[in-house]
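> Kindly generate the corresponding structure for this input.
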Amino acid sequence: MKTFKALILGSAAGVIAVGGAQAADLPMKAKAVEYVKICSLYGAGFYYIPGTDTCMRIGGAIRLDTAFGGNLYDAPAWQGGANGAYAYNQNDFADRARFNLTSDTRTATEYGVLRTYANLQIDWTGQGTSAIAGGSAVETDFAFIQFAGFTFGKAVSEYDPTWALLKPTITSGFFAGSNNGTGILQAAYTASFGNGVSATISLEDAQPYRTAGIINTSVTGLIGPFGATTLGSGSFGTANFAGNASAGDHVPDIVGNLRLDQAWGSLHFAAAAHENHGTFYTTTDADLGHPGAVWGGAVTGAIEFKNIPTGAGDTFRAEAGYAHGAAKYIFGGTIDSAGAGRFARLGSTNVTGDRNSMAMGYVLDGVYTGTNSANGTGITLSNAYEVTAFYEHYWNPLWRTSLFANYSHIDYGSAGDAALMALFKGSGGTTTGSLTSSTTGSFAFATFQIGSRTAWTPVKDLTISGEVIYTQMYQNLNGTFVTSAAGTPSGAPSGSSYEMKNQGLWTGAIQMLRSF
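Take a look at the predicted model:
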């Protein structure tokens, strides 16, 4: 009996021991996996890509715009077409919906932060088309890599001040010097010297935003002030007024800057060298030669003041620039595809006597003449300058108003004026008409713009804004332009006469912007 009892107790103890061992071998409840880990090194919105030490931020925006009296983003209707002619078939408004998606990655390395940045924009434009400046409904404004002081890819030009993307406007139809917020392909190196002082040297692709065009004024059939334009077309390539359709990309622009960035604001000085070349004197025989390439350039200075005494968050920014044979550093922006360096506007039908008036002008890097190397001339470069100022005031954290103005001017000197005047007075000199033989003056052309934007941010990352701009076009021709083709300007019969006269126009826009 005792033996049986011992056996039973021993068996029970063994079962308990085995059960305890099995319980000890069971896996413990695992800790929750942290799939998304916040990265606080580079600001809000960054997180670590799982399994890496790279921080990433995904962002974007929905932007809805409607413009009145002009083109998208409050760009004045000053580049020909039905709107520039006040024609019955003009668009009284223009609208666009844009989706923007951005990615920003940062990785700490022994050489500093390795950064990549890119964005994708998808547009839908009203009036039955989705096309944008790049000729497609899909656009990439920025795509670059930064490493060890170098920047490679499509980024804001090193010629532009650091606040290039912070201008208090909703328009790309407002001139403000270089004003290229859509990025330029470049290879740049920035050296930092401490205390906010830095310098950059860059090679930047001049196509398409930096090349304003070179024309041969000896060629007939050039595009007139209201003729249709297609970038890159024309029997002579650059020998038309398709402003940024210069044939051939020979040398990148050489750009350098010196900057000071402080809590109070910033100082920015920059210069650029820009190579200019035309095409052959004729398209049928290249052996007849071409004008030699010549270098032009541009310089700019900009200043920014933050939190000025008028109120918390208030800013004042100003810049000025001069260019010789580099006109797009003065007449910048992203409206090239509309007029391609050509400006034309008829008088308003609402103003007595103005319907039969016209202002026109051209933004070109230079002009030349001749049909062969014996009678051909070299390129005469244009001269241009501008001054711009922006002021923004915060009424309170939700409301702010800006005031901005710009004056931009271009001229071609006596030799350039003589060549352009001979072209426009010649029979059949342009596709749409010519100046009368009694016309005097010059092809110097200028624009003055003044505008204001008021923005309301009712909740974080949602901004609703309205803007109004007045534009004055100054031309320096005294005489009459007579059309030679019906329908150019739109709705006008052949033989219509227009007195050369300055023109003014109002435009407006509203925008809703939701960022995330």
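
> what's the longest strand in this structure?
With DSSP state E setting the assignment, residue counts place strand 440-459 as the longest strand in the chain.

> Show me what secondary structure element comes after that one.
Downstream of strand 440-459, the next assigned helix or strand under DSSP states H and E is strand 462-478.

> What mean pLDDT does that following strand get?
For strand 462-478, mean pLDDT rounds to 95.

> So, low pLDDT: which residues of this protein?
Along the chain, the parts satisfying pLDDT under 70 run over 1-35, 127-136, 220-223, 228-247, 283, 333-340, 349-354, 427-429.

> Helices of that one, start to end?
Here the chain has its helices, by DSSP state H, at 2-25, 81-84, 336-339, 413-425.

> before we move on, back to that, sheet-wise, list the partners of the longest strand of the chain with their directions.
Sheet pairing here is set by DSSP bridges, and for strand 440-459 it gives strand 399-411 (antiparallel), strand 462-478 (antiparallel).

> Quick check: which of those strands is nearest to Ile145?
strand 462-478 (30.2 Å; Cβ to Cβ). (Glycine included, C-beta is placed from N, CA and C.)

> centre of the chain versus that closest one, how much separation?
Chain-centre distance of strand 462-478: 17 Å, with Cα atoms, centre = their mean, to the nearest Å.

> Taking helix 413-425 as reference, get the angle to it.
Inter-element angle recorded for strand 462-478 and helix 413-425: 90 degrees (by axes from the mean of the first three to the mean of the last three Cα atoms, to 10 degrees).

> about what we covered before: a markdown table for the strands paired with strand 440-459, including mean neighbour count and distance to Phe175?
Shown next, in a markdown table, are these (neighbours: other Cβ atoms under 10 Å; distance: least, Cβ to Cβ, whole Å):
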| stretch | mean neighbour count | distance to Phe175 |
| --- | --- | --- |
| strand 399-411 | 19 | 5 |
| strand 462-478 | 19 | 9 |
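
> Turn those strands into a markdown table, columns for distance to Glu204.
Output for these, formatted as a markdown table (distance: least, Cβ to Cβ, whole Å):
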| stretch | distance to Glu204 |
| --- | --- |
| strand 399-411 | 21 |
| strand 462-478 | 29 |
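
> From the chain's centroid, how far away is the longest strand of the chain?
The chain centre lies 15 Å from the centre of strand 440-459; the measure is Cα atoms, centre = their mean.

> For that strand, list every residue counted as buried.
442-453, 455 (16 or more other Cβ atoms under 10 Å).

> next one: stretch 425-435
Quick answer for stretch 425-435 (16+ other Cβ under 10 Å): 429-435.

> go on, stretch 46-62?
46-48, 54-57, 60-61.

> Count the residues that sit near the closest residue to Asp461 other than its chain neighbours.
Closest residue to Asp461 apart from its sequence neighbours, by Cβ to Cβ, 6 or more residues apart in numbering: Ser515 at 4.5 Å. The number of residues packed near Ser515 is 14, by other Cβ atoms under 10 Å.

> List the contacts of Ser515.
59-61, 461-463 (Cβ atoms under 8 Å, 6 or more residues apart in numbering).

> can you pull up the bridge partners for it?
Ala61.

> quick revisit: dump the buried residues of stretch 46-62 into JSON lines; add distance to Gln262 as well.
Formatted as JSON lines, the buried residues of stretch 46-62 follow (distance: Cβ to Cβ, whole Å):
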{"residue": "Phe46", "distance to Gln262": "25"}
{"residue": "Tyr47", "distance to Gln262": "31"}
{"residue": "Tyr48", "distance to Gln262": "32"}
{"residue": "Thr54", "distance to Gln262": "31"}
{"residue": "Cys55", "distance to Gln262": "27"}
{"residue": "Met56", "distance to Gln262": "30"}
{"residue": "Arg57", "distance to Gln262": "26"}
{"residue": "Gly60", "distance to Gln262": "31"}
{"residue": "Ala61", "distance to Gln262": "29"}
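
> So what would you say the end-to-end distance of stretch 83-100 is?
Length of stretch 83-100, first residue to last, Cα to Cα, to the nearest Å: 29 Å.

> er, stretch 364-380 I mean
10 Å.

> May I see the buried residues of it?
For stretch 364-380, burial by neighbour count (16+ other Cβ under 10 Å) applies to 364-371, 376-377, 379-380.

> So what touches it?
Applying Cβ under 8 Å, 6+ apart, the set of residues contacting stretch 364-380 from outside is 211-218, 241, 243, 246, 274, 276-278, 281-282, 288-294, 296, 325-328, 341, 381-382, 412-413, 415-416, 419-420, 422.

> From those residues, list just the buried residues.
Buried by 16+ other Cβ under 10 Å: 211-218, 241, 243, 246, 274, 276-278, 281-282, 288-291, 294, 296, 325-328, 341, 381-382, 412-413, 416, 419-420, out of those.

> export the buried residues of stretch 425-435 to CSV and tack on distance to Tyr189?
Listed next are the buried residues of stretch 425-435 as CSV, based on distance: Cβ to Cβ, whole Å:
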residue, distance to Tyr189
Gly429, 47
Thr430, 45
Thr431, 46
Thr432, 47
Gly433, 50
Ser434, 50
Leu435, 49
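
> thinking again about what came up before, Ser178: which of the buried residues of stretch 46-62 is nearest?
Proximity of the buried residues of stretch 46-62 to Ser178 (Cβ to Cβ) peaks at Ala61, which lies at 23.5 Å.

> List the contacts of the closest one.
When contacts are counted by Cβ under 8 Å, 6+ apart, Ala61 touches 98-100, 513-516.

> Now with 10 Å, please.
Ala61 makes contacts with 98-102, 119, 121, 461, 463, 513-516, as judged by Cβ atoms under 10 Å, 6 or more residues apart in numbering.

> same question, Gly60
Going by Cβ under 10 Å, 6+ apart, Gly60 touches 99-103, 119-121, 514-516.

> One more: Phe144?
Neighbour list for Phe144: 115-118, 150-156, 183, 185-186, 188 [criterion: Cβ under 10 Å, 6+ apart].

> just checking, Phe481 touches Gly224?
Yes - under the criterion of Cβ atoms under 10 Å, Phe481 makes contact with Gly224 at 8.6 Å.

> any common contacting residues for these two?
Counting by Cβ under 10 Å, 6+ apart, the contacts common to Phe481 and Gly224 are 344, 360, 424, 430, 432-434.

> Can you tell me how far the nearest residue to Ser437 once chain neighbours are set aside is from Gly213?
Using Cβ to Cβ, 6+ apart and skipping residues adjacent in sequence, the residue nearest Ser437 is Lys425, 5.8 Å away. Distance from Lys425 to Gly213, counting by Cβ to Cβ, to the nearest Å: 21 Å.

> quick one, which of the strands paired with strand 440-459 is nearest to Leu72?
For these, the distance to Leu72 is smallest for strand 462-478, at 12.5 Å, taking Cβ to Cβ.

> which residues does the closest residue to Pro225 other than its chain neighbours contact?
Leaving aside its sequence neighbours, Pro225 sits nearest to Ala344 (Cβ to Cβ, 6+ apart; 3.6 Å). Listed by Cβ under 10 Å, 6+ apart, the contact partners of Ala344 are 77-81, 84-85, 224-227, 241, 358-362, 432, 473, 475, 481, 489, 498, 503.

> List only buried entries from those.
Buried members of the contacts of Ala344, counted by 16+ other Cβ under 10 Å: 77-81, 84-85, 224-227, 241, 358-362, 432, 473, 475, 481, 489, 498, 503.

> Output the buried residues of stretch 364-380 in JSON lines, with distance to Asn89 appended to each entry.
Formatted as JSON lines, the buried residues of stretch 364-380 follow (distance: Cβ to Cβ, whole Å):
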{"residue": "Leu364", "distance to Asn89": "29"}
{"residue": "Asp365", "distance to Asn89": "33"}
{"residue": "Gly366", "distance to Asn89": "35"}
{"residue": "Val367", "distance to Asn89": "33"}
{"residue": "Tyr368", "distance to Asn89": "37"}
{"residue": "Thr369", "distance to Asn89": "37"}
{"residue": "Gly370", "distance to Asn89": "40"}
{"residue": "Thr371", "distance to Asn89": "39"}
{"residue": "Gly376", "distance to Asn89": "42"}
{"residue": "Thr377", "distance to Asn89": "41"}
{"residue": "Ile379", "distance to Asn89": "39"}
{"residue": "Thr380", "distance to Asn89": "38"}
